[in-house]
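K.L.:
from the sequence below, what's the structure:
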Amino acid sequence: MLLERRAANRSKPELPIGSRIPGSIETSIVSIAGKHVMWITSTSAPNKGALTEEDGPKIAEAVKKAVKMEVPIVLVLSTSGASIHDGVAALHGWGLAASAIAGASGIVPIIAGLFGPAVSGPALLLGLADIVITTPDSFAFVSGPDMVLDYTGVALSASDLGGSYSLAAKAGVSYLEAENLEEMREQIEEILEILPRSTNDLPAFKPSSDPITRPCPELMSVIPDTATGSYDVREIIAEIVDDGYFLELRASWAPQLVIGMARIGGNAVGILANQPRVLAGTLDIPAAQKGARFVRFCDGFNLPLITLEDTPGFLPGKDVEWRGMIRHGAEMAFAYASCGVPRICLILRKAYGGAYIVMDSKGMGSDMVFAWPKAEIAVMGAQGAAQILMRRATDEERRTYQDEYQGKYLTPYIAAARGYVDEVIEPSETRGAIAAALNLLLSKKERIRKAKHANSPL
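P.N.:
Reported below is the predicted structural model:
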């Protein structure tokens, strides 16, 4: 019987994309945001969207055709995992799908939407996507609540373990949250309007009535006078970009780092910024992972990268060190160092130590570095320097040294004199300066390194 089934499978004719075969997966070519898109979706029947022996190869075939056609891939899932009835053949099938999606990574944009469950192995398909969108009724995990209870003794619901909120705020899997499938499709259209069809294309230019030379007087007072005062960096982003439009991604995870897409002078850009409102903008492990992944994403799809820097450094503590701050901090450095798209860095306020370096400094290869007049570029802040260098001095001597250090070293002009900062600009001139630099750099080309691939510090 088994031999007869294998023979029957070998004799099956190749089915064209869009045809209906047993299982839960349907594929088709649709038009979204003026682009052809490979749309791959699962249905709840049969067996709550379980991936059958036929489903995995069907996904793989669709993905490979999308790569050949150089069109984006949208994968909309609701699946209870690999079909138990098909056994190891179903596992093999989703393995084929995962391999194909991994092969498409960095070639065409891959957007995943989740509107129900994604359980066990197929949940890993979400981790392979460039951007993931979830709905309130969605949940995903590799090991479910029953296994967690058996192994750890902790009772959790599916929603608590891997619901949309947990995926967005705790796991960093979800980039955007949609109320329903209709809003999910709108978000997908919003994303695809900015991104190119493939890595071999440039993002489309979209004319704007917002003048690139528009002054930004509001930026003159956005940063508090006190060194420890916080502000929302998204207010700065809104002033710089066209029409105040900014599509923020992964907003709930590692919120001390803000990432997203926008346009400046009609040109699509990626924006990465420290957020002083959360942990003073310090970099920890999730922030480094979030930043590194986004830099690689922008590099893959030819999005010029704008970095807004205001960070006192990496988060200190034995827990963060023991969990691998060195490795994960290096991810950020590695991503920037290997990034070949136009890169512009603006130092808003604090730029200290190793965090200054990994936030696209001149040493990391940034094409253009600007700084506001009150920017502080140094190994460390005045208080930290006084505590180390004047640890045996009186409190008054320490305060005097701290004031002298502040005036002498915490200034952008020393870095500018050495060529580490290209220009010190007034905050009100920021949009015009960045737009002019962007236009200058759009024709930038870099040689590809002579190696199969680099061993990045994952």
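
K.L.:
quick check: chain neighbours aside, which residue is closest to the residue nearest to the spatial centre of the chain?
P.N.:
Of all residues in the chain, the one closest to the mean position by C-alpha atoms, centre = their mean is residue 294, 3.1 Å from it. Computed as C-beta to C-beta, 6 or more residues apart in numbering, the closest residue to residue 294 that is not its neighbour in sequence is residue 259, at 4.4 Å. From N, CA and C alone the C-beta is placed, and that goes for glycine too.

K.L.:
count of residues packed around that neighbour?
P.N.:
23 (other C-beta atoms under 10 Å).

K.L.:
measure it to residue 112 for me?
P.N.:
Plainly put, residue 259 is 18 Å away from residue 112 if you go by C-beta to C-beta, to the nearest Å.

K.L.:
and for residue 255?
P.N.:
Following C-beta to C-beta, the distance that separates residue 255 from residue 112 is 22 Å.

K.L.:
re earlier: now what about the helix or strand encompassing the residue nearest to residue 294, what contacts it?
P.N.:
Assessed by DSSP states H and E, residue 259 sits inside strand 257-264. If you take C-beta atoms under 8 Å, 6 or more residues apart in numbering as the criterion, strand 257-264 is touched by 191, 194-195, 206, 208, 212, 233-234, 237, 240-242, 245-251, 268-275, 281, 283, 287, 290-291, 294, 303, 306, 431, 434-435, 438.

K.L.:
so which of those residues belong to helices?
P.N.:
191, 194, 233-234, 237, 240, 287, 290-291, 294, 431, 434-435, 438 (DSSP state H).

K.L.:
which one among those gets closest to residue 399?
P.N.:
Of all those, residue 233 has the smallest distance to residue 399: 30.4 Å, by C-beta to C-beta.

K.L.:
just give the closest residue to the closest one, not the sequence neighbours.
P.N.:
Using C-beta to C-beta, 6+ apart and skipping the chain neighbours, the partner closest in space to residue 233 is residue 273 (4.6 Å).

K.L.:
how about residue 437?
P.N.:
Nearest one to residue 437, counting by C-beta to C-beta, 6+ apart, is residue 368 at 4.5 Å.

K.L.:
got phi/psi on the one you found?
P.N.:
The phi/psi pair for residue 368 (degrees, to the nearest 10) reads phi -150, psi 130.

K.L.:
next, count neighbours for it.
P.N.:
20.

K.L.:
ok, what's across the strand from it?
P.N.:
residue 344 (DSSP bridges).

K.L.:
low-confidence stretches in the protein?
P.N.:
1-23, 45-46, 381-389, 391-393, 395, 397, 400-405, 407, 448-454 (pLDDT under 70).

K.L.:
can I see the domain layout of it?
P.N.:
For the chain, the structural domains run 2-194, 217-375+411-441, going by automatic domain parsing.

K.L.:
would TSV of those domains with distance to residue 399 be doable?
P.N.:
Putting the domains of the chain into TSV (distance: least, C-beta to C-beta, whole Å) gives the following:
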stretch	distance to residue 399
domain 2-194	41
domain 217-375+411-441	14
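
K.L.:
and those domains: which comes nearest residue 202?
P.N.:
The nearest among the domains of the chain, by C-beta to C-beta, is domain 217-375+411-441 at 5.3 Å.

K.L.:
quick one: end-to-end length of that closest one, please.
P.N.:
End-to-end distance of domain 217-375+411-441 (C-alpha to C-alpha, to the nearest Å): 26 Å.

K.L.:
give the contact list for residue 66.
P.N.:
When contacts are counted by C-beta under 8 Å, 6+ apart, residue 66 is found next to 38, 72-73, 104, 108.

K.L.:
restricted to helices, list the residues you listed.
P.N.:
residue 104.

K.L.:
in strands, which of the contacts of residue 66 appear?
P.N.:
Counting by DSSP state E, the part of those found in strands is 38, 73.

K.L.:
between the contacts of residue 66, which sits nearest residue 319?
P.N.:
residue 104 (36.8 Å).
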